[in-house]
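Q: What follows is a predicted structure for the sequence shown.
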Amino acid sequence: MNETWFEEMEARIPTGEVRTRFAPSPTGYMHVGNLRTALYTWCIARHAGGKFLLRIEDTDQGRLVEGAVDVIYKTLADCGLDHDEGPDVGGPVGPYVQTERRDTYLPYARRLVELGHAYYCFCEKSASGEDSGDFTHADDPCRELDAAEVQRRLDAGEPWVIRQKIPRTGTTTFHDEIYGDVTAPNVDLDDQVLIKRDGLPTYNFANVVDDHLMGITHVVRGSEYLSSAPKYNLLYEAFGWEIPRYVHCSPVMRDEHNKMSKRHGDPSYEDLVAQGYLTEAIVNYVALLGWSPGGEREIYSIGELAEAFDMKRISKSPAIFDIGKLTWLNAEYIKAMTPEAFAAAAEPWIRRAVTNSAYDAGRIAALLQQRTDKLSDIPEKLDFFDTLPDYSPELYVHKKSKCDEEKARDILRKLRPRLEALPRWDNETLLGCLTGAAAEWEVKNALVMWPLRIAAAGRAVTPGGATEICEILGREETLRRVDIALEKLAK
RNA sequence: GGCCCGAUGGUCAAGUGGUCAAGACGGGGGCCUCUCACGCCCCAAUCGGGGGUUCGACUCCCCCUCGGGUCACCA
């Protein structure tokens, strides 16, 4: 590559705006930690009115997973994390897939060799695990090979890699937006491989080159990269490039010791949605896991998150994912929905349990909205609609309502003709009928409501009260169930 | 093990030298009430340990402990 090529690459780099990127490798699914990183990255860009880009890091040919990229697109889109540049929408510094950029890395690596900050290494691939323990990047014989020798072995077709030439003395300090200055002794830094034997760059190298070539101003990533950051700095300095701001995020944990992981069966974004969690609630919860806006407010829409976001307030220590708190937040979102929106979201779940189309899903949804933590909890609350359970008469015994089987039979007997004679069958009418009866018989409302609700539902706990359930069941079915109750109680 | 980073209730966390150490989830109790839930009220629960610095430390420094990360031709 000639000098012109490098100049052209540099000339494309946008300046004067905040540019962040989410750079996943398509090796699996969107776990919660990934989602959070993407969210923070997006927030930094949006907060500053900058650009958010998506770059696919697929330099590991062995770990590609079919369909993984689609999961990434879908998740980002669902969550409202729109990107300004990326493989699908293009942009000024494309391509945005690393394997499509394969020809740009080698020239930069060669330039580093020329600059004396990298070298060709012809050593055999080290066996895995061999150099664990007290390994301290022992003198690589290739480090000081002279140019002629290198050229000879290259010409002979020997396999090679290019390694970064780390200084043997001194220290390297880099600045992180949330951890502050971090210093590491150069001796502890490895002469990491930049270009692999297959000609593709390693993650570390591709990352630096791409971030520079794409004009990334804020590098947001997991804290697992904290200890390799000094090597990145050395690379930027060797090239004479401006060092971006680093924002390292601590991991999301499943418990005190382990990160959230697919292996442990921890839920991904998609899993959570399948479990009945709302996207808005997931995004909101994840944002607050490891970041705090400072005040007491906890409910934030995606837009409000972008507005309030201050990366300085990202937590330094790992946070444990608490499904219970997510569930609470999800319930808050459900309660805040309009009845229409909730009915629409709940209907498929309602119909899993209630197949009888005579029972109005909208009415059922109205009973459910204040009692639903997550949508998947819905079906089990509704099983009594389609078929009346074969319950025990003991269910009629309820201390607080002062009800027992005897009283239940008496109440239901007297109630049946009144219900049958009702001019209309709606909640108000039913309520009037029942409270009227209670007043007339000089008993508590509860003593009338309890047996009727048990008769109608056949279970102790139901969403909604007696009148609401009877209204949905309809007059005919209600009377049928009262008759069944009287039969049970007659024994 | 070397190196790097971190440490406020069970969990998420506010707090940046002087506070009776916010708030939320969860837990406990109560009120409301046609069950359950919602809502409302109240309660319990935290600065890992030890040294300094200071008139005064959760806040600053050191050590210990504990936790996390990293030490791949994976990202």
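A: That came through fine.
Q: what about A:Gly265, which helix or strand?
A: Assigned by DSSP states H and E, A:Gly265 belongs to neither a helix nor a strand.
Q: Can you report phi and psi for it?
A: With angles defined as degrees, to the nearest 10, A:Gly265 sits at phi 80, psi 20.
Q: before we move on, what about A:Ala184?
A: phi -130, psi 140.
Q: Could you find the closest non-adjacent residue to it?
A: Distance criterion C-beta to C-beta, 6 or more residues apart in numbering; nearest residue to A:Ala184, sequence neighbours excluded, is A:Pro230 at 4.5 Å. Every residue, glycine included, has its C-beta placed from N, CA and C.
Q: What about that neighbour, how many residues nearby?
A: Using other C-beta atoms under 10 Å, A:Pro230 has 21 neighbouring residues.
Q: I'd like the distance from stretch A:272-284 to the chain centre, please.
A: The chain centre lies 8 Å from the centre of stretch A:272-284; the measure is C-alpha atoms, centre = their mean, to the nearest Å.
Q: ok so, going back, may I ask which helix or strand encompasses the residue nearest to A:Ala184?
A: helix A:229-239.
Q: cool, and A:Ile162?
A: Assigned by DSSP H and E, A:Ile162 falls in strand A:161-164.
Q: Would you mind pulling up the elements that that strand packs against?
A: helix A:102-115, strand A:118-121, strand A:193-195, helix A:229-239 (3 or more C-beta pairs under 8 Å, 6 or more residues apart in numbering; DSSP states H and E).
Q: elements contacting the helix holding A:Pro230?
A: Short answer (3+ C-beta pairs under 8 Å, 6+ apart): helix A:229-239 packs on helix A:102-115, strand A:161-164, strand A:171-176, strand A:180-185, helix A:203-213.
Q: The shortest one near RNA strand B anywhere?
A: Yes. Counting by C-beta under 7 Å from any atom of the strand, contacts between strand A:161-164 and RNA strand B involve A:Val161.
Q: can you dump the C-alpha coordinates of the strand holding A:Ile162 into PDB?
A: Extracted C-alpha coordinates of strand A:161-164, given in PDB (Å, rounded to 0.1, in the frame of the first residue of the first chain):
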ATOM      1  CA  VAL A 161       2.300 -13.700  12.600                       C
ATOM      2  CA  ILE A 162       2.900 -10.100  13.400                       C
ATOM      3  CA  ARG A 163       3.400  -9.200  17.000                       C
ATOM      4  CA  GLN A 164       3.400  -5.900  18.800                       C
END
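Q: ok, and what's touching that strand?
A: A:109-110, A:112-113, A:117-121, A:140, A:142-143, A:191-197, A:205, A:231, A:234-235 (C-beta atoms under 8 Å, 6 or more residues apart in numbering).
Q: Strand partners (parallel or antiparallel) of it?
A: Within its sheet, and counting by DSSP bridges, strand A:161-164 is paired with strand A:118-121 (antiparallel), strand A:193-195 (antiparallel).
Q: What values do phi and psi take at A:Thr327?
A: Dihedral angles (degrees, to the nearest 10) for A:Thr327: phi -60, psi -40.
Q: before we move on, back to that, downstream neighbour of the helix holding A:Pro230 in the secondary structure list?
A: That would be, after helix A:229-239 and using DSSP H and E, strand A:245-249.
Q: how far is that next one from where the chain is centred?
A: With C-alpha atoms, centre = their mean, you get 20 Å for strand A:245-249.
Q: can you check stretch A:252-262 too?
A: 14 Å.
Q: coming back round to it: what's the closest of the strands paired with strand A:161-164 to RNA strand B?
A: strand A:193-195 (3.6 Å; C-beta to the nearest atom of the strand).
Q: export the helices and strands packed on strand A:161-164 to TSV and tack on mean pLDDT and distance to A:Asp176?
A: Shown next, in TSV, are those (pLDDT from 0 to 100; distance: least, C-beta to C-beta, whole Å):
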stretch	mean pLDDT	distance to A:Asp176
helix A:102-115	94	24
strand A:118-121	94	25
strand A:193-195	94	23
helix A:229-239	94	7
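Q: Take the ones you listed and write them to TSV, including distance to A:His83.
A: Below are those laid out as TSV (distance: least, C-beta to C-beta, whole Å):
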stretch	distance to A:His83
helix A:102-115	21
strand A:118-121	32
strand A:193-195	28
helix A:229-239	23
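Q: Out of these, which is closest to A:Ser357?
A: helix A:102-115 (57.7 Å; C-beta to C-beta).
Q: okay, now the residue in chain A positioned nearest to RNA strand B: neighbour count?
A: Here chain A gets closest to RNA strand B at one residue, A:Gly465, 2.6 Å apart by C-beta to the nearest atom of the strand. Residues contacting A:Gly465 under the criterion other C-beta under 10 Å number 19.
Q: same question, the one 3 residues further on
A: Neighbourhood size, A:Glu468 [other C-beta under 10 Å]: 20.
Q: Assign it to helix, strand or coil.
A: Classification of A:Glu468 by DSSP: H, G, I helix; E, B strand; the rest coil places it in helix.
Q: ok, it touching A:Asp426?
A: No. Judged on C-beta atoms under 8 Å, A:Glu468 makes no contact with A:Asp426 at a distance of 10.3 Å.
Q: what's the helix or strand for A:Val283?
A: helix A:279-288.
Q: is RNA strand B contacted by that helix?
A: Yes. Helix A:279-288 reaches RNA strand B (C-beta under 7 Å from any atom of the strand) through A:Leu288.
Q: residues making contact with that helix?
A: A:32, A:35-36, A:39-40, A:43, A:78-80, A:252, A:269, A:272-273, A:298-302, A:305, A:325-326, A:329-330, A:332-333.
Q: again, only using 7 Å
A: Residues outside helix A:279-288 that contact it (C-beta atoms under 7 Å, 6 or more residues apart in numbering) are A:32, A:35-36, A:39, A:78-79, A:269, A:272-273, A:298-302, A:305, A:325-326, A:329-330, A:333.
Q: mind saving the C-alpha coords of that helix as PDB?
A: Provided in PDB are the C-alpha atoms of helix A:279-288 (Å, rounded to 0.1, in the frame of the first residue of the first chain):
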ATOM      1  CA  THR A 279     -38.900  -4.400  26.300                       C
ATOM      2  CA  GLU A 280     -39.200  -1.000  27.900                       C
ATOM      3  CA  ALA A 281     -38.900  -2.500  31.400                       C
ATOM      4  CA  ILE A 282     -35.900  -4.600  30.500                       C
ATOM      5  CA  VAL A 283     -34.100  -1.600  29.000                       C
ATOM      6  CA  ASN A 284     -35.000   0.500  32.000                       C
ATOM      7  CA  TYR A 285     -33.900  -2.100  34.500                       C
ATOM      8  CA  VAL A 286     -30.700  -2.800  32.700                       C
ATOM      9  CA  ALA A 287     -29.800   0.800  32.500                       C
ATOM     10  CA  LEU A 288     -30.100   1.100  36.300                       C
END
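Q: anything in stretch A:314-328 near RNA strand B?
A: Yes. Using C-beta under 7 Å from any atom of the strand, stretch A:314-328 comes into contact with RNA strand B via A:315-320, A:322, A:324-325, A:327-328.
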